Structures are given as structure tokens and as C-alpha cells.
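Visitor: Everything below, folded, please.
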Amino acid sequence: MKNKGLLILGLMIAMLFGALDGTIVGTAMPRIVGELGGLGLMTWLTTAYMLTSTVVVPIAGKFADLLGRRAVYVTGLVIFILSSALCGMSQNMTELIIFRGLQGIGGGIMMPMAMIIIGDIFTGKQRAKWQGVFGALFGLSSVIGPQVGGWIVDALNWRWVFYVNLPVGILATILIAMALPKHNKTTEKVKFDIPGIVTLIVGVVGLLLALTFGGKNYAWVSWQIISLLALSVISLISFVFIETKAAEPILPVRLFKNRTFSVINGIGFLMSVGMFGAIMFVPLFMQGIVGISPSASGTVMTPMMITMILASVIGGQVVQKVGVRKQMMAGMIIMAGGFILLTTLGMDTSKLVASGYMMVIGLGMGLVMPLLTLALQESFPKSELGVVTSSSQFFRQIGGTFGMTILGAIMNYKSSTILTENLLPMIKQMPEQANELVSDITSMIHSNPQGLYSMLLNPETLAAMPKALTQQIIPILKTAMVDSLHSVFFYGLIFVVLGAVLSLFVGKIKLSDKKSTEQEAVN
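Guide: Numbering: from 1, shown residues only. Now for the predicted structure:
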């Protein structure tokens, strides 16, 4: 292929700036709220992007198969660049949320495209190496993103968090448009699965909204959450029925009959559930129990990302010798070992020890993640490369959302149980003058136990309370947090172990010396 070097450079630039966007924006959020207001809407800055980027991934993969890689990728890049400019020009929080949703559409198109194109231009053996490199780029964005975001906000202002995407994005778009060949049009008219697209969007958005707001903004048994879940179930059932009849289905149901497709995506889903257990809750442990600052707790995660990057690159090299199944199994077992270590975290755990445990998890993740795409690409022909590659990204994103929800619910349930047994009897013995405080704490124990842990994270809150009271409450809260987090890590371990068991069923996948354009279907 001509201009391969130019294309790879464009892909790397596009992936890096697309992946960086999420971590950079997170750093800028306090400044954004400070200028635009709308504190109550802040979570929608993340939610809007997550919803649109997740739902568009499988659609982008199918369109890449139907319309060609260049048209779809360039469209995604243009949407991302224009919406970034609009985000930077936003005058209020509502505008910014809408433009973030639009930016998510561009990001969701971009996410799977790099891996799809790698599948096109490299042989199976070469792919293993390059997907490790691109996986490492994604991990690198998690390490440097907060620092880059902090520098941009301090040196310029929060709007440049979005404006910085423009020159970088334009460069990536030019390189990719120049290097990618045009799609070979067929004489047949392209058929779009519109009913499938609509039911998929409604079903996935309904599910993600229910998982995001259930147990937080609304009770799980509230009419809002039940309605969203019912709408999601009806839409997804309709989607499955439509896909069995569609001429060009967005996600062909028959793919699930292929063992490799079902097993690999199942592993990706389960790994993501566990992974978010570590990423979400270890910083909470370090801030609440060890007593380090939010920025310092972020550095605990950095070693995990570094080992993940190294393992991704090395794993791409050694998979040719050890095989996909053995490496995937080893990675999941190592990751499970890391979760076992997390269940031993205690009051006296140091930052160094916690970082070491996270490195073990990062090592396991790095060995597995590039293989999830590689195994699928080796098992399907070029005509379905876009669908199967994007499906891997899609199921991992759904798994991450599911993980955040279920592990957060476990945390709340365990916390509520422990605090009801240990804290409630103690505060009920307080004098009548403290009745209002007792009522507030009792309500939080039953409805939002994690909210009580903010006392451990906020020195100002502790300073405002009577010293005698804090001396009684703090040990109880710390014990409850430790025990609750142990439950979270234990259940995260269960999901990872299930993924390890599932890896036993990965068939023998031989890395080819041919490009996907030359491969035949093996399913």
C-alpha cells in the first residue's frame, strides 16, 4: 500500500488526541463550572459524551464496511473537530452539554476506525505488534492527560482544552484523507438498516441512562428507572428481531453463533467490569483511608498505566510464540491476582504498596487488551472487519458502564449495612441539641452512605464538627469504607475470574501472514 507511513502517523495522531480529550476535560471541569455555572448539570458533560460515543460505535463499524474507511473516518474527524470548536465557544452549560454529545458522535466514529484500518493494511502477525502500540497510545493518554489538561487550564483557560483539538485534528484529517484509498463502489445500491439503527440507539441509550442514574439520582424501583429499563428491553428485543430480517444488519445476530465472536466479546465485557472496579475505587481508598490528596491518589494509578503500556507492546511481540489463548488466559489470571491483592488493602497500606498492586493489574490488562481485537480480525473476512472490530469496543464500553453501576451499588449496600449496625446506635445516643445532625446522618446512612465518606475526604467538613464527635465517627467510617471496598474488589475479582474461565474456550487462532483483504471467512 502506498503512503503507509503517512497513514500510520495520521492514525496515531488521531487516536492520541481523541483519547486525550476525555482525561483533559475531566481536569478542566471545576474551571468550567466556575465560569458557566450549572453545578447540578456537571455530570452531563461526561454522560452526554458517553451516551453518544457508545451508541455510535457499532453503527460506525457497519458504515465503514458499507461506505469505505476513508469516508467514515474523515466524517468522524470533521464532526469531532467542529464540535470541539463549538464546545470552546459555549456560553452556558446547556450549550456545552449539547456540543459534548455531538463531540461524542465524532469520538465514537473515530474509536474503532484505527483498529479497523490496522486490520486492513497489516497481516495477522504484524497486527499483533501494531495493536499493542496503539493500545499503548491509549494508555499513555490516561497518564499524561490530567497533566496536559492542568497545564492548558493554568496557562490559558478551559476553552483551550477544546480548541487544542483543532490544529491537531486538522493535521490528522489531512494525513488520513491523503493516505487512505477511496472505497471501491459496487453497482449495488447500499442498504442502510434504519430500523436497526433506531432500535439500537433507543435500547442502548435507555440502558446507559438507567445504569448511570439508578441508585444515585433516582431509586432503582422508581418509575423513571423502571421505565428506562422497560424501554431498553423492548427496543433491544425489537433490534434482535429486526437484525434477523435486515439485508445489511448493523450487528448481525448470526455473529453470536460464532464461538470466537461470543467468547472474545464476553471476555472484553467481563474484563471491563473488573477494570473499572480498580480505576474507580482505588483512588477513593487512597484518599479516604491513607489520607493522601486527590492529585497524589492519581499518581497511584500511573504505574498501572505504565505497566499496561509496556505489557501491550511486549504482548504484541510474544503472542506469535505463545498463542492467543495462552496469553489471554495468562493476562486474565495475572489481573485476577491483582484483585486478590486489592482485597488485602488495609488501614496501614502505603501508597507504594497500592501502586505495586495496581501494576499487577496493569500487566494483566496489557496482555489481554490488544488480543481482543486481534482475535476477532483473524476470524472474519474483510467484508465484516468493521462490524467485528467495533463490536469489541462496544461491548467493552457497555461493560465499563455496567461495572461502575454494579460495583457502586455493592459499595452502597455494604456501607449502609455496616453503618446501620455500627454508626446508627452511636449517634442515637447523642444529646437532643444534635437532633438535626442525627437526622441528616441517619438519612444518609439509608439513602447515600457514600456521601458520609466525604467527611474523610474533606478536611473543612471535619474541622467544622465537634472534635469529640469526629473522634467517635471517623474510626467507624474508615472501617466501613475498608470493608465495603473489600467487597467491591472481591466482586470485581469474580468478574475477572469468569473472564479467565471464558478464555479457556477461545479456539486456536493462528496469526496469518496474509492481510485481511486476502482472507476468507472461517466462521
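
Visitor: which intervals of this protein have sub-threshold pLDDT?
Guide: 1-2, 124, 183-188, 277-278, 293-298, 430-435, 437, 454-470, 512-523 (pLDDT under 70).

Visitor: In it, spot the helix with the most residues.
Guide: Longest helix of the chain, by residue count under DSSP state H: helix 385-422.

Visitor: contacting residues around Phe490?
Guide: By CB atoms under 8 Å, 6 or more residues apart in numbering, the contact set of Phe490 is 339, 343. Every C-beta, even on glycine, is put in place using the N, C-alpha and C of the backbone.

Visitor: from the chain's centre, how far out does the strand or helix carrying it sit?
Guide: Element membership for Phe490, per DSSP states H and E: helix 467-502. Distance of helix 467-502 from its chain centroid, counting by CA atoms, centre = their mean, to the nearest Å, is 22 Å.

Visitor: Now do that helix and helix 385-422, the angle between them.
Guide: 140 degrees (axes from the mean of the first three to the mean of the last three CA atoms, to 10 degrees).

Visitor: Identify each buried residue in helix 467-502, please.
Guide: 470, 473, 476-482, 484-489, 491-493, 495-500, 502 (16 or more other CB atoms under 10 Å).

Visitor: any idea how far the closest residue in space to Pro146 that isn't next to it in sequence is from Ala354?
Guide: Closest residue to Pro146 apart from its sequence neighbours, by CB to CB, 6 or more residues apart in numbering: Thr27 at 5.0 Å. Going from Thr27 to Ala354 by CB to CB, to the nearest Å gives 22 Å.

Visitor: for Ile105, same thing?
Guide: In terms of CB to CB, Ile105 sits 37 Å off from Ala354.

Visitor: Just confirm Ser272 contacts Ile406, I think it does.
Guide: No - the criterion here is CB atoms under 8 Å, and Ser272 misses it with Ile406 at 11.8 Å.

Visitor: The two: which has the busier surroundings?
Guide: Set Ser272 next to Ile406 and count neighbours by other CB atoms under 10 Å: Ser272 wins out with 25 against 19.

Visitor: Flag every buried residue along the helix or strand where the more buried one lies.
Guide: Assessed by DSSP H and E, Ser272 sits inside helix 259-285. Judged by neighbour count using 16+ other CB under 10 Å, the buried positions of helix 259-285 are 260-261, 263-285.

Visitor: and stretch 141-155, how far from the chain's centre?
Guide: 19 Å.

Visitor: Backbone dihedrals for Val221, please?
Guide: Backbone torsions of Val221, given as degrees, to the nearest 10, read phi -100, psi 10.

Visitor: Now do the buried residues in the helix or strand following the longest helix of the chain.
Guide: Once the chain leaves helix 385-422, the next helix or strand it forms, by DSSP H and E, is helix 424-427. Going by neighbour count (16+ other CB under 10 Å), the buried part of helix 424-427 is Ile427.

Visitor: buried set for the helix or strand just after helix 424-427?
Guide: Using DSSP H and E, the helix or strand that directly follows helix 424-427 along the chain is helix 435-447. Of all the residues in helix 435-447, those buried under the rule 16+ other CB under 10 Å are 438, 441-442, 444-445.

Visitor: closest to Lys129 among the residues you listed?
Guide: Set against Lys129, the nearest of the buried residues of helix 435-447 by CB to CB is Met444 (51.4 Å).

Visitor: how close does the closest one sit to Tyr453?
Guide: From Met444 over to Tyr453 (counting by CB to CB), the distance is 10 Å.

Visitor: Ser83 and Ala177, how far apart?
Guide: Counting by CB to CB - Ser83 and Ala177 are separated by 19 Å.

Visitor: what about those two, which has more around it?
Guide: Ser83 (24 against 15).

Visitor: isn't the more buried one right next to Leu102, touching?
Guide: Yes - with contact defined as CB under 8 Å, Ser83 counts as touching Leu102 (4.1 Å).

Visitor: got the contact list for Ser415?
Guide: Per CB under 8 Å, 6+ apart, neighbours of Ser415: 449-450, 452-453, 480-481, 484.

Visitor: Just give the nearest non-adjacent residue to it, would you?
Guide: Nearest to Ser415 is Pro449, by CB to CB, 6+ apart, at 3.7 Å.

Visitor: My read is that that neighbour contacts Leu423, right?
Guide: No - judged on CB under 8 Å, Pro449 makes no contact with Leu423 at a distance of 9.4 Å.

Visitor: what's the overlap in contacts for these two?
Guide: Joint contacts of Pro449 and Leu423 (CB under 8 Å, 6+ apart) are Ala480.

Visitor: circling back to that earlier point, what separates the residue nearest to Ser415 from Met286, distance-wise?
Guide: Distance from Pro449 to Met286, by CB to CB: 19 Å.

Visitor: Repeat that for Met12.
Guide: Met12 sits 32 Å away from Met286, going by CB to CB.

Visitor: Of the two, give the one with the bigger neighbour count.
Guide: Between Met12 and Met286, Met286 has the larger neighbour count (other CB under 10 Å), namely 25 against 17.

Visitor: Could you check the angle the helix or strand where Val148 lies makes with helix 259-285?
Guide: According to DSSP H and E, Val148 maps onto helix 124-155. Counting by the same axes, to 10 degrees, helix 124-155 lies at 30 degrees to helix 259-285.

Visitor: ok, then the element right after helix 124-155?
Guide: helix 160-163.

Visitor: I'd like to check what contacts that next one. Which residues are they?
Guide: 24-25, 27-28, 84-85, 87-88, 149, 152-153.

Visitor: Swap in 6 Å and give it another go.
Guide: 24-25, 28, 84, 87-88, 152 (CB atoms under 6 Å, 6 or more residues apart in numbering).

Visitor: What are the buried residues along it?
Guide: 160-163.

Visitor: export that helix as CSV, just CAs?
Guide: Taking C-alpha atoms only, helix 160-163 is exported to CSV below (Å, rounded to 0.1, in the frame of the first residue of the first chain):
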residue,chain,number,x,y,z
TRP,A,160,-8.3,25.8,25.0
VAL,A,161,-9.0,22.2,26.3
PHE,A,162,-11.3,22.0,23.3
TYR,A,163,-9.6,24.4,20.9
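
Visitor: tell me the contacts of Met335?
Guide: 361, 364, 496.

Visitor: meant to ask about Leu251, not that
Guide: Pro58.

Visitor: is it fair to say it lies in a strand?
Guide: No - counting by DSSP: H, G, I helix; E, B strand; the rest coil, Leu251 falls outside a strand, being coil.

Visitor: Can you give me the distance of it to Val506?
Guide: Taken as CB to CB, the span from Leu251 to Val506 is 21 Å.

Visitor: Also Arg254?
Guide: From Arg254 to Val506 the distance is 20 Å (CB to CB).

Visitor: Hmm, Gly215 is touching Met411, no?
Guide: No - in this structure Gly215 lies outside contact range of Met411 using CB atoms under 6 Å: 10.2 Å.

Visitor: what residues are up against the residue nearest to Leu36 when sequence neighbours are not counted?
Guide: Of all residues not flanking Leu36 in the chain, Met93 sits nearest, at 4.8 Å (CB to CB, 6+ apart). Applying CB under 6 Å, 6+ apart, we find Met93 in contact with 36, 38, 41.

Visitor: Check the burial of the first one by counting its neighbours.
Guide: By the measure other CB under 10 Å, the count of residues near Leu36 is 18.

Visitor: next one: the last one
Guide: Using other CB under 10 Å, the number of residues around Leu41 comes to 17.

Visitor: Spatially nearest residue to it, not counting backbone neighbours?
Guide: Per CB to CB, 6+ apart, closest to Leu41 is Met93, 4.8 Å.

Visitor: any idea how far Lys189 is from that neighbour?
Guide: In terms of CB to CB, Met93 sits 43 Å off from Lys189.

Visitor: With Ser142 instead?
Guide: Distance from Ser142 to Lys189, by CB to CB: 43 Å.

Visitor: Those two: which is more packed in?
Guide: Using other CB under 10 Å as the criterion, Ser142 and Lys189 rank with Ser142 on top: 20 against 5.
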